[in-house]
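Asks: sequence and computational prediction follow.
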Amino acid sequence: MAGMWLMKSEPDEFSIDALAEVTHEPWTGVRNYQARNFMRDAMRVGDPVLFYHSNCAQPGVAGIAEVASAAYPDPTQFDPDSAYYDPKSTRSAPRWLLVDIRFVRRCKRVITLDAIRSAAEPLGDFALIRRGNRLSVLPVTAAQYQHILSLEHTA
DNA sequence: GCCAACGTTGGC
DNA sequence: GCCAACGTTGGC
């Protein structure tokens, strides 16, 4: 059951350029059950990922990545020094899972939330542009994926 | 198991 | 920095 995904990252924390440098990154720090479930239950190695910059001057899709591992426990949940430490999680029953993400390419320019919203009609119901959506990992249909990428080549 | 309080997200 | 949305927590 392969899928397509959009994953948000704050570029101040971890940008598409940072991903390009390391090429491979464990997606630590997700602490939302819905987002975790997508990673745990539905992601498959090779699934394409729209890499979205959030909470920044120009929010939007900044590049393409892909799922690079099966789900496994997020090590930061066990680290008392980590901001993502979860004292209620145990190694025998880890609460938080993650996948690795691999860099594919940058967008020629950021496909802004504005542009995506303007193109909303053909996208149908899309969680990213629903008011108040805060989910950091969300599924994208093939049509939405294609359409967003097509915006890369338009003004 | 209800629900108010609280914390976080994220666009603006 | 504001604030709406909404998930989580914890008292009952």
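Replies: Good, I have the coordinates.
Asks: contacts only, for A:Q34.
Replies: Residues in contact with A:Q34, defined by Cβ atoms under 8 Å, 6 or more residues apart in numbering, are A:L135, A:V137. To be clear about C-beta, it is placed using only N, CA and C from the backbone, and glycine gets the same treatment.
Asks: repeat that for 10 Å
Replies: The neighbours of A:Q34, taking Cβ atoms under 10 Å, 6 or more residues apart in numbering as the test, are A:L135, A:S136, A:V137, A:L138.
Asks: just among these, which is most surrounded?
Replies: A:V137 (22 neighbours; other Cβ atoms under 10 Å).
Asks: quick check: the nearest residue to that residue once chain neighbours are set aside vs DNA strand C, distance?
Replies: Distance criterion Cβ to Cβ, 6 or more residues apart in numbering; nearest residue to A:V137, sequence neighbours excluded, is A:A35 at 3.9 Å. A:A35 sits 9 Å away from DNA strand C, going by Cβ to the nearest atom of the strand, to the nearest Å.
Asks: for the helix or strand encompassing A:A35, buried residues please.
Replies: Assigning secondary structure by DSSP states H and E places A:A35 in helix A:33-37. For helix A:33-37, the neighbour count (16 or more other Cβ atoms under 10 Å) marks A:A35, A:R36 as buried.
Asks: over to stretch A:99-117?
Replies: Within stretch A:99-117, the residues that count as buried by 16+ other Cβ under 10 Å are A:99-104, A:106-107, A:110-113, A:115-116.
Asks: now the two most distant members of those residues.
Replies: Comparing every pair within the buried residues of stretch A:99-117 by Cβ to Cβ identifies A:D100 and A:A115 as the most remote, at 29.1 Å.
Asks: can I get the CA coordinates of the lengthiest strand in chain A in CSV?
Replies: Determined from DSSP state E, the single longest strand within chain A is strand A:100-112. The C-alpha trace of strand A:100-112 is given here as CSV (Å, rounded to 0.1, in the frame of the first residue of the first chain):
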residue,chain,number,x,y,z
ASP,A,100,14.3,7.7,7.5
ILE,A,101,13.9,10.3,4.7
ARG,A,102,16.3,10.5,1.7
PHE,A,103,16.9,13.7,-0.3
VAL,A,104,15.8,13.5,-3.9
ARG,A,105,16.0,17.1,-5.1
ARG,A,106,15.2,20.7,-4.4
CYS,A,107,12.4,22.5,-6.1
LYS,A,108,13.5,25.1,-8.6
ARG,A,109,11.8,27.5,-6.3
VAL,A,110,9.6,27.1,-3.3
ILE,A,111,6.0,26.2,-4.3
THR,A,112,4.3,28.5,-1.9
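Asks: fine by me, thanks again.
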